[in-house]
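**Student:** Here is the input, now give the coordinates:
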Amino acid sequence: MGRGDKQKGKGNLPNRELYERMNFLYQSSQFFSQLLPSSSSNVQTADNDSSNLKLAQQHQQQKSLLPISRFYSKEMRQVARKSVLRLSPHVKREICKACASPLVPGVSSTVRIKGHNRGRRVVTTCNCCGWQRRLIVDPGHELFIDKEEHGTLH
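**Tutor:** Numbering: from 1, shown residues only. Here you go, the predicted model:
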């Protein structure tokens, strides 16, 4: 038994540590974008002005975690760029190109389907900066990376 026999089943991947770091940054970004901080005071008041102020404070607290998730997304892109690694198309589609915030439907983005029989497309709009991504929906279309012949996912 030579050295090659031990490493055949492990699936060697060059730059494994960088891919693991990018994966961690991506997951952290997604987590912080969906995490809503809890309010420290749960006392309800009957005064309308104070309840509006309380709602505004909660809204500001929820927005406070968005810069952290943007930072992790930007860091992931920088790691990929500096090490000349490609991001998966699925990961690219879940990050805003303009402001680097994670595009979570219903939380930080709005997803709509536009068009009719011909030219149907999915429009994803970032709620932070208003940037839109349009993807054409073709029933027979499949990304090359998702095809069985590609072999990297198996």
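
**Student:** all contacts plus neighbour counts: C-alpha atoms, from now on.
**Tutor:** Fine.

**Student:** Mind jotting down where the helices sit in this protein?
**Tutor:** Along the chain, counting by DSSP state H, helices occupy 3-8, 16-34, 48-63, 66-82, 89-93.

**Student:** Just want the angle from the longest one to helix 66-82.
**Tutor:** When you say that, I think you mean helix 16-34. Helix 16-34 runs at 160 degrees relative to helix 66-82, counting by axes from the mean of the first three to the mean of the last three CA atoms, to 10 degrees.

**Student:** Give me the below-cutoff pLDDT ranges for the protein.
**Tutor:** Where the chain drops to pLDDT under 70, the residues are 1-10, 36-64, 118, 151-154.

**Student:** let's go with 80 and repeat that
**Tutor:** Residues of the chain meeting the criterion pLDDT under 80: 1-11, 36-64, 116-119, 139-146, 149-154.

**Student:** Relative to Phe144, how far out is Pro89?
**Tutor:** Per CA to CA, to the nearest Å, Pro89 is found 10 Å from Phe144.

**Student:** what's the answer for Ser83, then?
**Tutor:** 23 Å.

**Student:** Give me the distance between Lys147 and His141.
**Tutor:** Distance of Lys147 to His141, computed by CA to CA: 10 Å.

**Student:** Neighbour count: the two, which is higher?
**Tutor:** The neighbour comparison of Lys147 against His141 (other CA atoms under 10 Å) goes to Lys147, with 11 against 8.

**Student:** Report the contact partners of Val122.
**Tutor:** By CA atoms under 8 Å, 6 or more residues apart in numbering, the contact set of Val122 is Val111, Arg112, Ile113, Lys114, Arg134, Leu135, Ile136, Val137.

**Student:** which one of those residues sits closest to Asn12?
**Tutor:** Closest approach to Asn12 among the contacts of Val122 (CA to CA): Leu135, at 33.8 Å.

**Student:** what about the closest one, how many neighbours?
**Tutor:** As a burial measure, Leu135 scores 14 neighbours (other CA under 10 Å).

**Student:** Go ahead and confirm it touches Arg121.
**Tutor:** Yes - at 5.3 Å, Leu135 counts as touching Arg121 under the criterion of CA atoms under 8 Å.

**Student:** can you pull the buried residues of stretch 20-36?
**Tutor:** In terms of neighbour count (16 or more other CA atoms under 10 Å), stretch 20-36 has its buried residues at Met22, Leu25, Tyr26, Ser29, Gln30, Phe32, Ser33, Gln34, Leu36.
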